[in-house]
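K.L.:
need a 3D model of the following:
(2 chains)
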Amino acid sequence: MELLILLVEDEKKLRDILAQQIRQEGWKVVPAANGLEAIQFWQDIKPDLVVLDLMLPGISGWEVLKKIRQKDNTPIIVLTARADEVDKLLGLELGADDYMTKPFSPRELCARIKAVLRRGRYAEQVTSVTFNNLTIYPEKLEASIADVKLNLTSTEYKILMLLAENPGQVFSRLHILERVFGDMYEGYERTIDTHISNLRHKIDATQKSEIIIKTVYGIGYKLVAGE
Amino acid sequence: MKKPGLANRITSTMVAVSIMAVIITSLTMLIMTRQQFSAYINKYDRAMLEQYVPIISDYYRLYGIEGLQEYLEFKPNNKGKSRGNGMGWYHRGQQIPLGKIRPGQRLIVADTKGMVMADTQGLLVGQPLELGSWQASSRPLQIDNKQIGTLYLISPLGSGLASMENDFINKLTVSTSVLALGIGLIALLLGLLLGKRISLPLADLSSAIHEVAQGKLNKRIELKGDQEFLELGRDFNCMAQKLEDYDRNRRRLTLDISHELRTPLTLLRGQLEAMQNNSINATPENVALLLDEVIRLTRLIKELEDLSQVENQAVVLHLSTFSIEDLLERLNPVVTAMQETGIIFTINADDNVNEITADFDRVLQILLNLLSNAMRHAGQEGMVSLTINRQDNNLQFAITDNGSGISAENLPHVFERFYRLDDSRNRLAGGMGLGLSIAKGYVEAHQGKIWVESKPGFETTFYFSLPQ
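P.N.:
Residues are numbered from 1 along each chain as shown, chains lettered A, B, ... in the order given. Model (predicted):
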């Protein structure tokens, strides 16, 4: 089904990049450049989710957030540039469903949108992720190769999920580390090697694998099809 | 309107006080002199009366009133020699010598009705006695306990000394004025000196404050003057030092930050320009390398933000109670990294430590920062241990590495931002130098304590405790 996302961001370049990324996911985007437009559009189009920048000219993101929350609980992902705003968000529990601090990865934003929708009323619509004969079931946090269940640790599951959602794409160790463990672990890139090595053993052990986690020399890893 | 200065105030006060002191002293002297004079006169006159009363009483008893006037008018010393012994009442008189009447002394005998019976100057005889303004002492003349009259003594001191007294008072007034003027001048000089002594250091201080306010933070003042000024000067210098340190710190921070930003930005720019002119292909692999630099930059921004929160004491804690296992599980990448580097990593948690109440992410960050630091210093084949135990109401964490240790001179600085033992800017070896200061700030935000002990060449232990 086609999702409708209201994107509120006053910086045009960033708005365009984010809109493009969201469209690539197959969703429809309505961009808004300020708080007034945001409230107007939200009332008119009733979006499935709002991506809301907090620092807006005129009516601030905070007020937009309050206005929307007074009416209903449309899922909202907040974008912020300041750490103290995050503290305020968490402290006030104004009802944002998630937040992202700038600078952030647009793709990460899409992943968060999916996650927030998955939690909400679209839970039943989220299907499995497949690549060749690998299937991942996000609700169950499970993965299998040709019906053989892989016994994965949560870290290994997260790495496999990241690679399988973007097959063929090269991920650096730092990138994987950041997406899997969060942003605190810079300097521990090499630990990814250990997890990848374990993951490969478990995949190979099924003896039916048609996927390969390939090492890209000097950079990182990617998931490709193959014997 | 300009207020009078401190020096002027002191000077004028001193002059006023000293002049007042001189005047009061003179007045006191004047009053005391008067009293002394009258007391002396009284005493003298009384002594004289004591002398004359018995003589005149005897005469009266022997001869009655008759001849008393002549008796008083004669000078007994001359009487015998000049007049010979021809007249009877001389002989009468000679039998009782009157003694020497002092020049200016006047004796008056009045009867009980106040009529003058005899007067050494012979002027008032037969008239009623009016003393008027004379200063006179008196004694009753008695015979057989019956008063027959009164003897008055008008002392030469009464009038003579009165003029002497006036003389004295005049002289005193003159000398008082001169003295007051002299002492006033001395007070003026002293006041000016004292005023300068007070106002000079104040003026120095004021101009120094002015300079500091205009940004000359290296301004110090010379310590001089009295105790209070020494203390004030020390305090000022201490404040200026703090400001200077703070300013230097801020400048260094800005430099350090730009340095940290410069390296990844140069890398990014170089790679992007190379892709622009096709000397490097914009393959997904090469782009992934660029992305790494962006991730590092992002992380740096995050750390700076954390640091600024810590330094502004604006850390907002999100407290929760969690199990120690949950916390330790998040250290998995550290455990893996230690294994890969060949470091023996041990975790010892007391049995009675199950739960922690703290900000999970912050405590994790503290542990990661301290463990990364320990790992760097332990080096290959080293040993790192994490010990957690409960001490009263505190949870104490100890992170030990058997690296080269920290020298005593470096020890006090390890928690300073961007402080690195080796000056290498190598990320692998040095980290960014923010980890320990952020850890310290987070521990302090929890009202906890953090400290370090080191045996150079042997081991280093970082401790921190969190109140529960």
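K.L.:
setting aside sequence neighbours, what's the nearest residue to the residue of the stretch 51-200 of chain B found nearest chain A?
P.N.:
Using C-beta to the nearest C-beta, B:S199 is the residue of the stretch 51-200 of chain B that sits closest to chain A, at 48.8 Å. C-betas here are computed from N, CA, C, even on glycine. Nearest residue to B:S199, sequence neighbours excluded (C-beta to C-beta, 6 or more residues apart in numbering or on different chains): B:A7, at 4.6 Å.
K.L.:
which helices and strands sit right next to the helix or strand where the one you found lies?
P.N.:
Here B:A7, judged by DSSP states H and E, is contained in helix B:6-63. Judged by 3 or more C-beta pairs under 8 Å, 6 or more residues apart in numbering or on different chains; DSSP states H and E, helix B:6-63 is in contact with helix B:68-73, helix B:88-95, strand B:106-111, strand B:136-143, strand B:146-154, helix B:156-213.
K.L.:
tell me which of those is the most buried.
P.N.:
Sort the helices and strands packed on helix B:6-63 by mean neighbour count, taking mean count of other C-beta atoms under 10 Å in any protein chain shown, and strand B:106-111 sits at the top with a mean of 21.
K.L.:
show me the contact partners of the following helix or strand past that one.
P.N.:
Remark: after strand B:106-111, the chain's next helix or strand is strand B:116-119, criterion DSSP H and E. Residues outside strand B:116-119 that contact it (C-beta atoms under 8 Å, 6 or more residues apart in numbering or on different chains) are B:65, B:68-69, B:71-72, B:106-111, B:124-129, B:149.
K.L.:
now with 6 Å, please.
P.N.:
B:I65, B:L68, B:Q69, B:L72, B:I108, B:V109, B:A110, B:D111, B:L124, B:V125, B:Q127, B:L129 (C-beta atoms under 6 Å, 6 or more residues apart in numbering or on different chains).
K.L.:
and what of stretch A:49-67?
P.N.:
So stretch A:49-67 is in contact with A:5-10, A:34-36, A:38-39, A:74-80, A:85, A:94, going by C-beta under 6 Å, 6+ apart.
K.L.:
and with 7 Å instead?
P.N.:
A:3, A:5-10, A:34-36, A:38-39, A:42, A:68, A:74-81, A:85, A:94, A:96, A:109, A:113, A:116-117 (C-beta atoms under 7 Å, 6 or more residues apart in numbering or on different chains).
K.L.:
restricted to helices, list the residues you listed.
P.N.:
Judged by DSSP state H, the subset of those located in helices is A:G35, A:L36, A:A38, A:I39, A:W42, A:I68, A:E85, A:L109, A:I113, A:V116, A:L117.
K.L.:
and these, which two are furthest apart?
P.N.:
Maximum pairwise distance among the ones in helices among the contacts of stretch A:49-67 (C-beta to C-beta): 26.3 Å, between A:L36 and A:L117.
K.L.:
which one of these two is surrounded by more residues?
P.N.:
Neighbours per residue (other C-beta atoms under 10 Å in any protein chain shown) separate A:L36 from A:L117, with A:L117 holding more: 20 against 14.
K.L.:
for the more buried one, give me the pLDDT.
P.N.:
On pLDDT, A:L117 comes in at 84.
K.L.:
how near is it to A:L7?
P.N.:
A:L117 is 15 Å from A:L7, where distance means C-beta to C-beta, to the nearest Å.
K.L.:
which among the contacts of stretch A:49-67 end up buried?
P.N.:
Among the contacts of stretch A:49-67, those buried by neighbour count (16 or more other C-beta atoms under 10 Å in any protein chain shown) are A:3, A:5-10, A:34-35, A:38-39, A:42, A:68, A:74-80, A:85, A:96, A:109, A:113, A:116-117.
K.L.:
quick check: which element contains the most centrally placed residue in chain A?
P.N.:
Compute the mean C-alpha point of chain A, and by C-alpha atoms, centre = their mean the closest residue is A:A111, 1.6 Å away. According to DSSP H and E, A:A111 maps onto helix A:106-119.
K.L.:
each with direction, which strands does the following helix or strand past that helix pair with?
P.N.:
On the C-terminal side of helix A:106-119, the nearest following helix or strand under DSSP H and E is strand A:129-131. If you go by DSSP bridges, strand A:129-131 pairs up with strand A:134-137 (antiparallel).
K.L.:
neighbouring contacts of whichever helix or strand comes after the partner strand?
P.N.:
Sequence-wise, the next helix or strand downstream of strand A:134-137 (DSSP H and E) is strand A:142-145. Contacts with strand A:142-145, where a contact means C-beta under 7 Å, 6+ apart, come from A:133-136, A:149-150, A:152, A:157, A:160, A:203, A:206, A:208-209.
K.L.:
what mean pLDDT does strand A:142-145 have?
P.N.:
Averaged over strand A:142-145, pLDDT sits at 89.
K.L.:
how about the residues of the stretch 351-468 of chain B by chain A?
P.N.:
Contact residues (C-beta under 7 Å from any C-beta of the partner chain) of the stretch 351-468 of chain B with chain A: B:L364, B:Q365, B:L368, B:S372, B:G431.
K.L.:
just the ones of these in strands?
P.N.:
Among these, no member is found in strands (DSSP state E).
K.L.:
walk me through the domains of chain A.
P.N.:
Listed by automatic domain parsing, the domain ranges of chain A are A:4-124, A:129-225.
K.L.:
may I see those domains organised as TSV, with distance to B:L268 added?
P.N.:
Compiled in TSV, the domains of chain A are given as follows (distance: least, C-beta to C-beta, whole Å):
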stretch	distance to B:L268
domain A:4-124	13
domain A:129-225	14
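K.L.:
quick one on the thing from earlier: pretty sure the residue of the stretch 51-200 of chain B closest to chain A contacts B:L6?
P.N.:
Yes. The pair B:S199 / B:L6 is scored as a contact, 5.6 Å apart, by C-beta atoms under 7 Å.
K.L.:
quick one, strands of chain A?
P.N.:
Remark: strands assigned in chain A by DSSP E are A:4-8, A:28-32, A:49-53, A:76-80, A:98-101, A:129-131, A:134-137, A:142-145, A:148-150, A:171-172, A:211-216, A:220-225.
K.L.:
ranking the ones you listed by burial, who's on top?
P.N.:
It is strand A:49-53: most buried of the strands of chain A by mean count of other C-beta under 10 Å, with a mean of 26.
K.L.:
what bits of the chain have low per-residue confidence?
P.N.:
Defaulting to chain A. Applying pLDDT under 70 to chain A flags residues A:1, A:90-94, A:120-126, A:227.
K.L.:
my bad, chain B
P.N.:
For chain B, the ranges with pLDDT under 70 are B:1-2, B:74-104, B:132-135, B:156-162, B:419-432.
K.L.:
now with 50?
P.N.:
For chain B, residues meeting the criterion pLDDT under 50 lie at B:75-91, B:93, B:424-430.
K.L.:
would you point out which residue is most central in it?
P.N.:
B:E228 (5.1 Å).
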